[in-house]
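> Okay, sequence plus prediction incoming.
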Amino acid sequence: MNEVGTILKRRRRALQMTMKQVADASGLSQGFVSRVEAGKFDPLTFSFVTVLALCRALKISSDFLIDQIIPPEKRI
């Protein structure tokens, strides 16, 4: 599991949401949410729409999540 997956999983659990609830709230598939939490995707490949959908579903700031996704050495 990568750090972003861990953060998203912890937030989902803190909100007492199931993966299905996150999927429904974000418009993403439950399988995708599961693979994200398991760290099976490189977060740098996420579209901005996907990031916003996850943020909306999990009630977190997009700035926060983007800071977790983009390593400091790749920021401009």
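Alright, I've got the coordinates.
> So K9 versus G31, what's the distance?
15 Å (C-beta to C-beta, to the nearest Å). In short, each C-beta sits where N, CA and C put it, glycine included.
> So for those two, which sits in the more crowded spot?
K9 (20 against 10; other C-beta atoms under 10 Å).
> Can you give the contact residues for the lowest-mean-pLDDT helix or strand in the chain?
Least confident helix or strand, the chain: helix 62-69 with a mean of 88, by mean pLDDT, DSSP states H and E. The contact list for helix 62-69, computed with C-beta atoms under 8 Å, 6 or more residues apart in numbering, reads E3, V4, I7, P43, L44, F46, V51, L52, L54, C55.
> from the chain's centre, how far out does it sit?
9 Å (C-alpha atoms, centre = their mean, to the nearest Å).
> For the protein, just list every one of the helices.
3-14, 19-26, 30-37, 48-58, 62-69 (DSSP state H).
> got these as a markdown table, with distance to I76 columns?
Shown next, in a markdown table, are the helices of the chain (distance: least, C-beta to C-beta, whole Å):
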| stretch | distance to I76 |
| --- | --- |
| helix 3-14 | 20 |
| helix 19-26 | 28 |
| helix 30-37 | 25 |
| helix 48-58 | 16 |
| helix 62-69 | 13 |
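> of all those helices, which lies closest to R75?
helix 62-69 (8.7 Å; C-beta to C-beta).
> Now the closest one: buried residues?
L65, I66, Q68, I69 (16 or more other C-beta atoms under 10 Å).
> pull the CA atoms of that helix into PDB?
C-alpha atoms of helix 62-69 as PDB (Å, rounded to 0.1, in the frame of the first residue of the first chain):
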ATOM      1  CA  SER A  62      -7.900  18.800  -2.900                       C
ATOM      2  CA  ASP A  63      -4.800  20.800  -1.900                       C
ATOM      3  CA  PHE A  64      -4.100  18.200   0.800                       C
ATOM      4  CA  LEU A  65      -4.400  15.200  -1.500                       C
ATOM      5  CA  ILE A  66      -2.400  16.800  -4.300                       C
ATOM      6  CA  ASP A  67       0.400  17.600  -1.800                       C
ATOM      7  CA  GLN A  68       0.400  13.900  -0.900                       C
ATOM      8  CA  ILE A  69       0.500  12.800  -4.500                       C
END
